[in-house]
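Q: Requesting a structural model of the entry that follows:
(chains A, B, C and D)
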Number of protein chains: 2
Amino acid sequence: MKGRVSAYDVAKLAKVSQSTVSRVLNNYPHVRKETRQRVHDAINTLGFSPDEIARSLASKKTNTIGLIVEDISNSFYAETAHIILREAQKYDYEVIIIDAETDENSFERAISTLNGKRVDGIIVASTRMDNQKVKEFYDKGFPIIFYNRRIYGIEESHYVEVDNKLGAKMAVNHLVENKHRKIAFISGPTIYSTFYQRFEGYKEAVQDNGLEYDESLIYKGEVSYDQVFQFALNLMRDEDRPTAFFASTDQMALAIMDAAARSGRHIPFDVSVIGFDDIEIASNPYISLSTISQRKREMAVLTLQKLLSLINSDDSNDEPNKITLEPELIIRKTTGVNNQ
Amino acid sequence: MKGRVSAYDVAKLAKVSQSTVSRVLNNYPHVRKETRQRVHDAINTLGFSPDEIARSLASKKTNTIGLIVEDISNSFYAETAHIILREAQKYDYEVIIIDAETDENSFERAISTLNGKRVDGIIVASTRMDNQKVKEFYDKGFPIIFYNRRIYGIEESHYVEVDNKLGAKMAVNHLVENKHRKIAFISGPTIYSTFYQRFEGYKEAVQDNGLEYDESLIYKGEVSYDQVFQFALNLMRDEDRPTAFFASTDQMALAIMDAAARSGRHIPFDVSVIGFDDIEIASNPYISLSTISQRKREMAVLTLQKLLSLINSDDSNDEPNKITLEPELIIRKTTGVNNQ
DNA sequence: AAATTACATGAATCCGCTTTCAATAAATTG
DNA sequence: CAATTTATTGAAAGCGGATTCATGTAATTT
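A: Next comes the predicted model:
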């Protein structure tokens, strides 16, 4: 890119100093109306657009935030990213998305990278509950907020989440009301707070309803389509199989539905399935998945706004934002009365 | 963030000049092994990480690329973004994703923003075919490459796409082979090259197969679930309805399937549906959508690699990259023989 | 009208690194 | 061993704006 025009060029053309150009650029007072106009004209005829990098260096603000997700191809994150991206745009913030693997190292690297890029703040939609690096950041007062996650060990952490435990209980209760007594539970790794909480909810609900807690009905490994599919397939083929499956994410529920189909079980007649998240496809009539809604839009918008207010608040000792929304049970066609 | 450590602090501790610190940071030669070690030690004890902003300003490289998409919550883009994000990570590039609305202004703003941020290059996965701003960039020799899009009027444009016209023909031919003679076509706005080409393919195939071209079977409005749903619903209820639907995107095919369900038509017995893209959910057994595969992964990886090579090539007059991959017909369960 | 006060503007410095350029020291060469 | 080369290193000048300070000018006050 040869010959970018600089503020200096604009200054020359408008016959003012560079400081004045900077003033009109930042809409500062103390510039005569006529001068301001002259500068604007110069900017237009030259097609000047300020170098945000230089600007950031001088102002120590990048107008960029980081968003760490686990897998942007996962609808839940994609839909979240969409909302955050669009919302950030309104406030003239750009966002660097990092699609970090789930291991601790990737996560730390993500944080370091964003730190290097001097983002103004970070939204974490992916992390184990115990990451050390994050704590350091918090302690330095860096604006960081968790989306649908919590980090334990940091009392002052900011987060926006849905009441995952309650959501899980709602799901199980719904199944119990439909006379299911043997309910499988499919979870991701419980080092993640969401999965942890949903698991807690499942256990409590099982206990509250006087059901038997059976380890063999529990999956809590990787969030892998194939693995979940295989696990569910095995259960489906079992003589004494569960009559219902509660999956901690819709994505995993999809794998379960797949397994049901492959093993000839009909939903919801032979087996009920309920998910968690309410991703878009869940409402498609061919899927029509019963689920627990996360209220993504509210969560995402709130998260962004809280982050921006953290960034722009002078004193950093406002009390931490701990926001917990109530989930919602959405009954569609994958859950029905147990008739076995 | 008080008291960030700077390269200057490192220099002092290591008893060298800041230039030397910069040298080891960039792994330049001409630093005695012992000195290098001393600097590394200082970096570690201080926990120093360089300010990438300052670095970018000085080096005129941001190691950041821009990705403009239309709607990241759309699986096709989400899956693409995932691949690009992960691939870019390998080369230490960050990516700023802009989720631009479809109007011309948003797109121009996206380009301007990325220009301001001084990204090293841009991948455009969303644009009309005739955007002026893009041309200007091209003319300046700015690395920009189109993903699954072309821009007409720029001979030198770089793009990676699938043969959309061929794909459309494959879809129609498949339907014709199944004895369908009345095939509806659902397209997004044909100012987008993909839709344009697919439409061309549809028309050609209709003609080649001696079918009647019927305007009333064509939708080419916004890519809106509700609108497509409504359009399809009306057709479904028609006396003399089409026996098959070819949708330019899987997302729209989903809306058509929805409409079929709502109007009591059974797929593929009463009506066949074929999409385009092969998004992930298409292979789910409950959806099992016949479609044309875009070979997203190859496209995405190629696009990123070409972009990086554009960025790092000294002379910018290598011939333009015009890559067209062959699509693939994937027959699943939404298409069948017409028996009416 | 002199004294204040508010407004407009430019010069100079800084942001935190990279990159010459020049200087010094060590290694080679004839 | 003197003459070159080559390897190390530091000082200083950017990169392109933001910001502080000083200066000059117009608007207000007594």
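Q: wait, what's in contact with A:K182?
A: A:L211, A:E212, A:D214, A:L217, A:D240, A:R241, A:P242, A:T243, A:A244 (Cβ atoms under 8 Å, 6 or more residues apart in numbering or on different chains). C-betas here are computed from N, CA, C, even on glycine.
Q: Point out where the stretch 1-150 of chain A drops to low pLDDT.
A: A:1-3 (pLDDT under 70).
Q: name the element A:E239 belongs to?
A: Assigned by DSSP states H and E, A:E239 falls within no helix or strand.
Q: What number of residues are in the vicinity of the residue in the stretch 101-250 of chain A that DNA strand C sits nearest to?
A: Nearest residue of the stretch 101-250 of chain A to DNA strand C (Cβ to the nearest atom of the strand) works out as A:R118 at 8.7 Å. Residues lying near A:R118 (other Cβ atoms under 10 Å in any protein chain shown) number 19.
Q: mind checking the SS state of it?
A: coil (DSSP: H, G, I helix; E, B strand; the rest coil).
Q: Looking at neighbours, which among the contacts of A:K182 is most surrounded?
A: A:A244 (27 neighbours).
Q: Does that one touch A:I267 like I think?
A: No - using Cβ atoms under 8 Å, A:A244 is not in contact with A:I267; the gap is 10.1 Å.
Q: what touches both of those two?
A: What both A:A244 and A:I267 touch, as defined by Cβ under 8 Å, 6+ apart, is the set A:V273.
Q: who touches the residue of the stretch 101-250 of chain A closest to DNA strand C in this structure?
A: A:S56, A:K60, A:T62, A:T64, B:D51, B:E52, B:I53.
Q: list the contacts for the most centrally placed residue in chain A?
A: Taking Cα atoms, centre = their mean, the centroid of chain A lies closest to A:A125, which sits 3.9 Å from it. Residues in contact with A:A125, defined by Cβ under 8 Å, 6+ apart, are A:L67, A:I68, A:V69, A:E70, A:Y77, A:T80, A:F146, A:Y147, A:N148, A:R149.
Q: who does the third one bridge with?
A: Judged by DSSP bridges, the bridge partners of A:V69 are A:D99.
Q: Help me confirm that it comes into contact with A:E79.
A: No - A:V69 lies out of contact with A:E79 (Cβ under 8 Å); the separation is 11.0 Å.
Q: out of these two, which sits in the busier spot?
A: Taking other Cβ under 10 Å, A:V69 and A:E79 do not tie; A:V69 has more neighbours (25 against 22).
Q: for that one, what are its contacts?
A: A:Y77, A:T80, A:A81, A:I97, A:I98, A:D99, A:A100, A:A125, A:S126.
Q: How about the last one: what's its closest non-neighbour residue?
A: This means A:S126. A:E70 (4.0 Å; Cβ to Cβ, 6 or more residues apart in numbering or on different chains).
Q: Now do the SS call for A:T334.
A: Taking three-state DSSP, the label given to A:T334 is coil.
Q: Measure how buried the closest residue in space to it that isn't next to it in sequence is and give me the count.
A: Among residues not flanking A:T334 along the chain, A:V273 sits closest, at 4.5 Å (Cβ to Cβ, 6+ apart). Per other Cβ under 10 Å, the neighbour tally for A:V273 reads 29.
Q: And the helix or strand encompassing A:V273, what does it pack against?
A: Element membership for A:V273, per DSSP H and E: strand A:272-274. Under the contact criterion of 3 or more Cβ pairs under 8 Å, 6 or more residues apart in numbering or on different chains; DSSP states H and E, strand A:272-274 touches helix A:164-177, strand A:244-247, helix A:250-262.
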